[in-house]
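In: Here is the input, now give the coordinates:
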Amino acid sequence: MNVSDIASTASSMSMAQTQDAVGVTVLKKSMDIDKASAQAMIQSVSAPSGSGTYPLANLGQTINTTA
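Out: Reported below is the predicted structural model:
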């Protein structure tokens, strides 16, 4: 193995490590964006209250047993 092969291998390994680090960083950022989107979606949904303010608040509360 000559010197140029060693330098080429070291350069390739360094590039691979850099690409892996960038990939992990992008993945973490994507997961943070997904987390924020999910939290916003959950907060945007209002839970039905029992007071009747929600149009279908009593839907599914009783079962008709006489058919």
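In: Report the residue spans of this protein with pLDDT below the cut-off.
Out: Segments of the chain classed as low confidence (criterion: pLDDT under 70) are 1, 46-58, 67.
In: And the strands in it?
Out: For the chain, no strands are identified by DSSP state E.
In: can you pull out the helices in it?
Out: For the chain, applying DSSP state H gives helices covering 3-44.
In: Only alpha carbons, please: show stretch 33-50 as CSV.
Out: The C-alpha trace of stretch 33-50 is given here as CSV (Å, rounded to 0.1, in the frame of the first residue of the first chain):
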residue,chain,number,x,y,z
ILE,A,33,-40.3,20.0,13.0
ASP,A,34,-42.6,16.9,13.2
LYS,A,35,-42.9,17.3,16.9
ALA,A,36,-43.9,20.9,16.7
SER,A,37,-46.4,20.2,13.9
ALA,A,38,-48.0,17.4,16.0
GLN,A,39,-48.2,19.6,19.1
ALA,A,40,-49.8,22.4,17.0
MET,A,41,-52.3,19.9,15.6
ILE,A,42,-53.2,18.5,19.0
GLN,A,43,-53.7,22.0,20.4
SER,A,44,-55.9,23.1,17.5
VAL,A,45,-58.4,20.3,18.2
SER,A,46,-60.9,21.4,20.8
ALA,A,47,-62.2,18.6,23.1
PRO,A,48,-66.0,18.4,23.2
SER,A,49,-67.4,19.5,26.6
GLY,A,50,-70.3,18.1,28.4
